[in-house]
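# Model the following, please.
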Amino acid sequence: MAQEYIINGNRFECEFKITNADGDKSVDFTKSAIKSLDLTENIFEPFQHATITFSNPFDFLESEMLTRGDGSDLFEFSIKPTGDLVQAAAEVGDTDPTLKYKFVIADEQNSTSKESRNNNLKTYTLLDQNYWKLNQPIPYGTRYRGKIGDILKEIFKEKKIEINEEKWESGDHFIDIFPEHILPASSFRYSDLVKYLIRYNYNNVSSGGQQSSPQGNPSEGDTYVRSMLIWDRSDTDGDDADRDGAYHFQPLNKLYENIESTEAFIIGDMSSKYATNANNPGQMRDRENKTFAYKSEAHNTDLTTPMLTYSNEYFINFIASGYDPELGQHGLREIRIEEVKEKWKAMFVDPFKTLEGEPDPFLPLNEEKKQRLFKTFSFPFSLNKVAKIAEAQMISDLTFYNLELAMTQIGDTKRTAGKFIDVMGMANAVDVDAKLIGTWLVTKCHHQFSHDNYFNTIQCVKTYVGPGGQYSNSIDNVKNDCPKLLN
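Purely as a prediction, here's the structure:
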């Protein structure tokens, strides 16, 4: 049963419960018994994990119930803000901010007090319940064919994992021509197969909406992006009354189609000369008349720029290698970053606006990278499919290995991965503001509870620089080549 507690000076309804494998015994914990809770939500990892430490005086838990340790014991918790926090969120139409998950217990550690058994502590390593459902061996001889998204949907429905079919797209990677089929290795579990399939799926998101044939050559103007499997804990409108969320499986560019920031962080708010920063986010789709529930100072910001090592590893041309069934021989195909860049910019940079106009893509290229540096891609698929996978991977690299920002903030259960936030300046622009200020995509959100304190560490990426810096317009197409360094 949920009880109300004070965390960070605000009221929260908290519920913590452990249930044994048979489901006939459970133990509820009060918030005061919880010493720490660490949960990470990651856009690249659809299956969450957490650790929790709680008081276990005189081995109380062991005297109440037996945990089998085979992954059948459940630990669930719910943390929901009440009072002013909920009212402020409701005023701007925000969704339910409850932080709620169900986990299986993967491991435990016991800390025995040397002074008194009354001070004993127990720590559980928690694994996403959905991941545990998929952590079963695949029956020998099982084969899968068809679109990758359809294969994943079949697996998730078989394992009774919630999905939102309205936000589930099959993608364009067909696996239906002999001998192309997925025959999982004998050591594979369903969780291994799911991650394998996600890695190789792609979507044709060309503006004309024309999809090339499963085995055909990519048409001029086609654009291929990866699919993202994301758990949305706010998606609770299913047939199941106890639904705690659902998985979405959509092309990467869907995240950038309707950019709506959930909150704003302010820098320079103690400046002696107040001014409007030219790099601040401007009017975008769904941003008009937007009011944020929270605006706070950006504490402990850590801005990282992809330097030479990153750019040499990820911002270069690709060579797709594979069997060409049309020619009946092994072939190669170039995927040039200079050509992909324009398609990437249209989807992942142009949707953003600043107060002084259009932003510039942050992708410094020189002739060495555009013409002479290549990385080889070779997968067990036809050449055409490998080329599409390579382009999708290149667009993903340009998006996620770009500008990075980390911040530590007072905790908010509404924060999660896959959402956008604004960083705004209250002083005249300086050069670094072109990187720091703007709209960022949250890729990871770390929820950290310690006694009565609650903090978030959020990690974000941004694909562009604003026009407010002195050198913003020259960030692209670097003139000075460095062949000695690049080689």
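
# Which pLDDT value belongs to the closest residue in space to residue 378 that isn't next to it in sequence?
Leaving out its chain neighbours, the residue that sits closest to residue 378 by C-beta to C-beta, 6 or more residues apart in numbering is residue 321, at 4.1 Å. Where you see a C-beta, it was placed from the backbone N, CA and C, and this is true even at glycine. Per-residue pLDDT puts residue 321 at 92.

# now for the helix or strand where residue 347 lies, which elements pack on it?
Using DSSP states H and E, residue 347 maps to helix 337-348. If you count contacts as 3 or more C-beta pairs under 8 Å, 6 or more residues apart in numbering; DSSP states H and E, helix 337-348 packs onto strand 360-361, helix 383-400.

# and of these, who's closest to residue 80?
Of all the helices and strands packed on helix 337-348, it is helix 383-400 that lies closest to residue 80, at 31.3 Å by C-beta to C-beta.

# okay, the angle between that closest one and helix 337-348?
With axes from the mean of the first three to the mean of the last three C-alpha atoms, to 10 degrees applied, the angle from helix 383-400 to helix 337-348 works out at 60 degrees.

# Output helix 383-400 as CSV, nothing but the C-alphas.
What follows is helix 383-400, C-alpha atoms only, in CSV (Å, rounded to 0.1, in the frame of the first residue of the first chain):
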residue,chain,number,x,y,z
LEU,A,383,25.2,-6.5,-50.8
ASN,A,384,22.1,-4.3,-51.2
LYS,A,385,21.0,-5.0,-47.7
VAL,A,386,24.5,-4.5,-46.2
ALA,A,387,24.6,-1.1,-48.0
LYS,A,388,21.3,-0.1,-46.4
ILE,A,389,22.4,-1.2,-43.0
ALA,A,390,25.7,0.7,-43.4
GLU,A,391,23.8,3.9,-44.3
ALA,A,392,21.5,3.5,-41.3
GLN,A,393,24.5,3.0,-39.0
MET,A,394,26.2,6.1,-40.4
ILE,A,395,23.2,8.3,-39.7
SER,A,396,23.0,6.8,-36.2
ASP,A,397,26.7,7.6,-35.6
LEU,A,398,26.3,11.2,-36.8
THR,A,399,23.4,11.6,-34.4
PHE,A,400,24.6,10.0,-31.2
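
# for the next helix or strand after that helix, packing partners?
Going down the chain from helix 383-400, the next helix or strand is strand 403-410, by DSSP H and E. Applying 3+ C-beta pairs under 8 Å, 6+ apart, one finds that strand 403-410 contacts strand 302-304, strand 453-462.

# got the angle for the longest one vs strand 403-410?
Same thing as strand 453-462. Relative orientation of strand 453-462 versus strand 403-410 (the same axes, to 10 degrees): 160 degrees.

# Quick one: mean pLDDT over strand 453-462.
Mean predicted confidence for strand 453-462 is 95.

# Who are the packing partners of the helix or strand following that strand?
Remark: after strand 453-462, the chain's next helix or strand is strand 464-465, criterion DSSP H and E. Other helices and strands packing on strand 464-465, by 3+ C-beta pairs under 8 Å, 6+ apart, are strand 360-361.

# ok, residue 230 - contacts?
43, 46, 247, 248, 249, 250, 417, 418 (C-beta atoms under 8 Å, 6 or more residues apart in numbering).

# Weed out the non-buried ones from the residues you listed.
With burial judged by 16 or more other C-beta atoms under 10 Å, the buried subset of the contacts of residue 230 is 43, 46, 247, 248, 249, 250, 417, 418.

# Please identify which two of those residues are farthest apart in space.
Among the buried ones among the contacts of residue 230, the pair separated by the greatest distance (C-beta to C-beta) is 249 and 417, at 15.4 Å.

# Give me the below-cutoff pLDDT ranges for the protein.
By pLDDT under 70, the low-scoring segments of the chain are 1, 84-95, 177-181, 207-221, 238-242, 269-275, 283-295, 468-487.

# Over to the residue of it positioned farthest from its centre: give its phi and psi.
For the chain, the largest distance from the centre (C-alpha atoms, centre = their mean) belongs to residue 115, which lies 43.9 Å off. With angles defined as degrees, to the nearest 10, residue 115 sits at phi -90, psi -40.

# Wait, residue 169 touches residue 203, no?
Yes - judged on C-beta atoms under 8 Å, residue 169 makes contact with residue 203 at a distance of 6.7 Å.

# tell me, what's touching these two both at once?
Here residue 169 and residue 203 have 227, 251 as joint contacts, going by C-beta under 8 Å, 6+ apart.

# When these two are compared, which one has more neighbours?
The neighbour comparison of residue 169 against residue 203 (other C-beta atoms under 10 Å) goes to residue 203, with 25 against 18.

# can you pull the contacts of the nearest residue in space to the more buried one that is not next to it in sequence?
The spatial neighbour of residue 203 that comes closest, neighbours along the chain excluded (C-beta to C-beta, 6+ apart), is residue 251 at 4.0 Å. When contacts are counted by C-beta under 8 Å, 6+ apart, residue 251 touches 169, 171, 203, 205, 225, 226, 227, 228.

# rerun at 10 Å
Residues near residue 251 by C-beta atoms under 10 Å, 6 or more residues apart in numbering: 169, 171-172, 201-205, 223-228, 257, 347, 392.

# Show me what it bridges to in the sheet.
Per DSSP bridges, the residues bridged to residue 251 are residue 227.

# All the helices of the stretch 251-400 of the chain, in order from the start?
308-314, 337-348, 367, 383-400 (DSSP state H, counting those that start in this stretch).

# Check the stretch 1-150 of the chain too.
60-64, 84-91, 129-134, 148-158.

# Give the buried residues for the last one.
Right, the one you point to is helix 148-158. Residues of helix 148-158 classed as buried by neighbour count (16+ other C-beta under 10 Å): 148, 149, 150, 151, 152, 153, 155, 156.

# What separation do you get for the fifth one and residue 371?
Spatial separation of residue 152 from residue 371 under the definition C-beta to C-beta, to the nearest Å is 38 Å.

# The last one now?
Residue 156 sits 44 Å away from residue 371 when distances are taken as C-beta to C-beta.

# and what of the first one?
With the distance defined as C-beta to C-beta, residue 148 ends up 34 Å from residue 371.

# The residue nearest to residue 378 and residue 380 touch, don't they?
No - between residue 321 and residue 380 there is no contact, the gap being 11.3 Å when judged by C-beta atoms under 10 Å.

# more neighbours, these two?
Using other C-beta under 10 Å as the criterion, residue 321 and residue 380 rank with residue 321 on top: 17 against 11.

# so what's the more buried one bridging to?
Under the criterion used (DSSP bridges), residue 321 bridges to residue 332, residue 378.

# just use 2 as the starting number from now, easier for me
Let's use 2 as the start, then, which means that last one is residue 322.

# what residues are up against it?
So residue 322 contacts 331, 332, 333, 334, 377, 378, 379, 380, 384, 387, 388, 391 (C-beta under 10 Å, 6+ apart).
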